[in-house]
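Enquirer: attaching a predicted model along with its sequence, questions to come.
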Amino acid sequence: MNIEIKKMKSDEEIRGKAYVHWKSWQDAYKGVVAQDYLDGLTIEKCEDIAFKFPENTFIAKDGDKVVGFATYGKYRNDELTDAGEIYAIYVLEDYYGSGVGQSLMQASLGELDYPMIALWVLKENGRAIRFYEKCGFQLDGREEEINLCGPIKEVRMIFER
C-alpha cells in the first residue's frame, strides 16, 4: 500500500472522490440511515456534488485509485465565530485502520487557520465518533435533527488548538 495524500485536481480524481462518497455511505450507514435515502444516493448524485464543489478537498490515493477524501473550510453558520469545519471525511472500508483517515484529517487541519475546528457526525456512528476523538475532537453537547428520509440526530464535535 503506497498512499498519497494530495489536493484533488483532475476530473478522474473528482470521479474517484464521488465513488468513495457513494460507497462509504452504502457501507457505513446501512441500518443507520433510512434505506430509501441510501437507495436515492446514486453515484451520479455523488458525481454532481463532487463536480459542483471541488475546492478544499484532499484525496488519498493508493496508486491510481482514490480511497478516501476530506473536505474542509470555514464553519458554515454564524453560531461559531472564527472557526473552521471538517465538512466530510470518508475512507473506503478496506482502508479502515490503515492511517488513511488520520492522514486526511491532519492535512485538512493543516489548511484550517482557526483556533477551533468543528464537525458534525451522526449520533449513531460510534466508529466515526471514536475516530474523531482519537484525532483530538470532543463532543460539545450540541445536537441537531436532520431529515434523511426520516429524522436522525447529528452531534457536533470540536477540536481546539
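Expert: Perfect, I can see it now.

Enquirer: do a quick rundown of the strands in the chain.
Expert: For the chain, the strands defined by DSSP state E cover 3-7, 57-62, 65-74, 83-91, 116-122, 138-147, 151-160.

Enquirer: so which elements touch the helix of greatest length in the chain?
Expert: With secondary structure taken from DSSP state H, the chain has its longest helix at helix 11-28. Helix 11-28 sits against helix 43-52, strand 57-62, strand 65-74, strand 83-91, with contacts defined as 3 or more C-beta pairs under 8 Å, 6 or more residues apart in numbering; DSSP states H and E. Using the backbone N, CA and C atoms, a C-beta is placed for each residue, glycine as well.

Enquirer: could you dump the ones you listed to a markdown table with mean neighbour count, distance to residue 160 and mean pLDDT?
Expert: Formatted as a markdown table, the helices and strands packed on helix 11-28 follow (neighbours: other C-beta atoms under 10 Å; distance: least, C-beta to C-beta, whole Å; pLDDT from 0 to 100):
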| stretch | mean neighbour count | distance to residue 160 | mean pLDDT |
| --- | --- | --- | --- |
| helix 43-52 | 15 | 30 | 97 |
| strand 57-62 | 22 | 22 | 98 |
| strand 65-74 | 21 | 16 | 98 |
| strand 83-91 | 21 | 10 | 98 |
